[in-house]
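Enquirer: no sequence for this one, just the structure:
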């Protein structure tokens, strides 16, 4: 039951030490991955904010609008969940993180798929 | 002669109900959201000095653009990282190259031996893949989680993850924080 339709491919990486995201109403999502319609939009990794592509520069405005949707008391508990495809390079992620820092959205959550035991063979 | 009451044939009703139930069970995907939580540092204003932390109190982890690890300046392996981080955070032999340990009085726990100011500095290149970065974050989190479990086992006789008392949970978290610094982006480069 997703709130938005994904327009980028996101297969989160695996991890074993995971926490569950409590309070879904206090979570905003940023998706990063290759566009699903690669014949239209190419294969360069893109950022999805709400239901459209966004640029790194759009993130502060996105965070502001997400804050305005919540009431004042909840705003400081707002978490940004980064749903990033496992094969994306960290450059894009770092840029996004820097924008989040500038916007004051310090609580982040790297979305992962839970596995019982890490399989390092895939990484080497 | 009485007229027979018309009845609706409801014999298959249960079957239909079950079919519907199973159909929705199979097609509904609950989006379980799990992840690794972190806190970003506030942005730099440009005029702060780098914090004065002794070398022995910093555990440097670098990931280059080939996804190779360097731990404390030496090449390392993701499979060894958890053990290395655990050793750093607990300094079992009071080594001079590992963080200074102090005895700290924490409510609920009493005196515990904790690092004075141990920091794990994680740096990655722009070319590092996200899955490697997450694997490293995962191993570092696992190191902290294991130390917390061990401390909780000795003090309260159950794992940290099984604690229910808020005060106890907080005490363990105070004793063993997650000291991972999401450092300023740097160029780590390749081989």
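Expert: Okay, I see it. Because the structure is a prediction, the values reported are computed rather than measured.

Enquirer: Could you use CA atoms for every contact and neighbour count after this?
Expert: Will do.

Enquirer: Sticking with the most centrally placed residue in chain B, tell me its helix or strand.
Expert: What sits nearest the mean C-alpha location of chain B, by Cα atoms, centre = their mean, is residue B:141, with 3.2 Å. Secondary structure assignment for residue B:141, by DSSP states H and E: helix B:130-156.

Enquirer: which of the residues in that helix are buried?
Expert: B:130-152, B:155 (16 or more other Cα atoms under 10 Å in any protein chain shown).

Enquirer: Which neighbours in the sheet does the helix or strand of chain B with the lowest mean pLDDT have, and how are they oriented?
Expert: In chain B, no helix or strand scores lower on mean pLDDT, DSSP states H and E than strand B:180-182, which sits at a mean of 79. Note on strand B:180-182: by DSSP bridges, its sheet partners are strand B:119-124 (parallel).

Enquirer: Centre of the chain to the partner strand, how far?
Expert: How far strand B:119-124 lies from its chain's middle: 14 Å, per Cα atoms, centre = their mean, to the nearest Å.

Enquirer: list the buried ones in it?
Expert: B:119, B:120, B:121, B:122, B:123, B:124.

Enquirer: same thing with stretch B:46-55?
Expert: Under the neighbour-count criterion of 16+ other Cα under 10 Å, stretch B:46-55 has nothing buried.

Enquirer: those helices in chain A, which residues are they?
Expert: With DSSP state H as the criterion, chain A has helices at A:38-41, A:59-69, A:90-103.

Enquirer: meant to ask about chain B, not that
Expert: Assigned helices in chain B, in chain order: B:13-27, B:78-90, B:130-156, B:166-175 (criterion: DSSP H).

Enquirer: Can you pull the poorly scored residue ranges out of chain A?
Expert: A:1-3, A:122-124 (pLDDT under 70).

Enquirer: make it 80
Expert: Of all residues in chain A, those with pLDDT under 80 make up the ranges A:1-3, A:22, A:119-124.

Enquirer: again with chain B
Expert: B:1-3, B:29-33, B:44-55, B:95-97, B:104, B:107-108, B:182-191.

Enquirer: Apply 90 and report the result again.
Expert: B:1-12, B:26-81, B:84-128, B:131, B:145-191 (pLDDT under 90).

Enquirer: Up against chain A, what does it have?
Expert: Proximity of chain B to chain A, by Cα under 8 Å from any Cα of the partner chain, involves residues B:28-43, B:78-79, B:124-135, B:138, B:141-142, B:185.

Enquirer: mind redoing it with 6 Å?
Expert: Contact residues, chain B versus chain A (Cα under 6 Å from any Cα of the partner chain): B:30, B:33-40, B:42-43, B:126-131, B:138.

Enquirer: Can you name the residues in contact with the lengthiest strand in chain A?
Expert: Counting residues, the longest strand in chain A under DSSP state E turns out to be strand A:27-35. Applying Cα atoms under 6 Å, 6 or more residues apart in numbering or on different chains, the external contacts of strand A:27-35 come out as A:7-10, A:43-49, A:78-85.

Enquirer: Check the offset of it from the chain's centre.
Expert: Worked out by Cα atoms, centre = their mean, strand A:27-35 lies 4 Å from the chain centre.

Enquirer: just stretch B:44-64 next, same as before
Expert: The answer for stretch B:44-64 is 21 Å, by Cα atoms, centre = their mean.

Enquirer: Repeat that for stretch B:8-24.
Expert: Mean C-alpha position of stretch B:8-24 versus that of the full chain (Cα atoms, centre = their mean) differs by 46 Å.

Enquirer: what does that stretch contact?
Expert: With Cα under 6 Å, 6+ apart, stretch B:8-24 has no contacts at all.

Enquirer: Can you point out the buried residues in stretch B:88-107?
Expert: Across stretch B:88-107, burial judged by 16+ other Cα under 10 Å covers B:88, B:89, B:90, B:91, B:98, B:99, B:100, B:101.

Enquirer: That should have said stretch A:4-11, apologies.
Expert: For stretch A:4-11, burial by neighbour count (16+ other Cα under 10 Å) applies to A:6, A:7, A:8, A:9, A:10, A:11.

Enquirer: List just the nearest of these to chain B.
Expert: Closest approach to chain B among the buried residues of stretch A:4-11 (Cα to the nearest Cα): residue A:11, at 10.1 Å.

Enquirer: Appreciated, that's everything.
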